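1. whatever this is, show me its structure:
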Amino acid sequence: AVCESLLLEADDAPEILALEIVSALHAVHEQTDDKAGITTALPLFNSLLRSLRERSSLSAAGAHVQSPMPPVTDAEPQCGPLDDTARTRLLEAVLLLVLVPGSEEGDRLGKSIFLDFADVASASGRLQRQ
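-> Predicted structure coming up:
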């Protein structure tokens, strides 16, 4: 449902919701080290990335405009201003999770983040370090 909602809303709300869900999955993985569980979620991450690509196409056509997400804390940002967007944070979280299983599918999804979202990846210090 979150993947489909990415195409329905013109603001950042669906990407922020997706970020919260992916972050929760990451927190669960940190506690359980459940690589098999992450592997079963790879098709969902693929669907999420597909919806983000479609949303990017809509943005390029002027249908959606993404605004920066305010920092969660008062701490100084460690990366550039584009790193504070919901999309950047979402792609960072997805990348971390898809690489966990060390599978071909996960590696393919990780590579697609750098290829399909090159503008975001090149502006994100955290994505560049991966």
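2. after the helix or strand hosting residue 121, next one along is what?
-> Element membership of residue 121 [criterion: DSSP states H and E] is helix 118-123. Next in sequence after helix 118-123, counting helices and strands by DSSP H and E, comes helix 125-128.
3. which positions in that following helix come out as buried?
-> Of all the residues in helix 125-128, those buried under the rule 16 or more other Cβ atoms under 10 Å are 126-127. Quick note: C-beta positions are derived from backbone N, CA and C, even for glycine.
4. and it, what does it pack against?
-> helix 86-99, helix 118-123 (3 or more Cβ pairs under 8 Å, 6 or more residues apart in numbering; DSSP states H and E).
5. quick one, which of those helices is packed in tightest?
-> helix 86-99 (a mean of 22; mean count of other Cβ atoms under 10 Å).
6. this protein: helices as residue ranges?
-> Assignment of helices within the chain using DSSP state H yields the ranges 2-5, 13-32, 35-60, 86-99, 104-116, 118-123, 125-128.
7. just name the most buried of those.
-> Stretch with highest mean neighbour count among the helices of the chain: helix 86-99 (a mean of 22; mean count of other Cβ under 10 Å).
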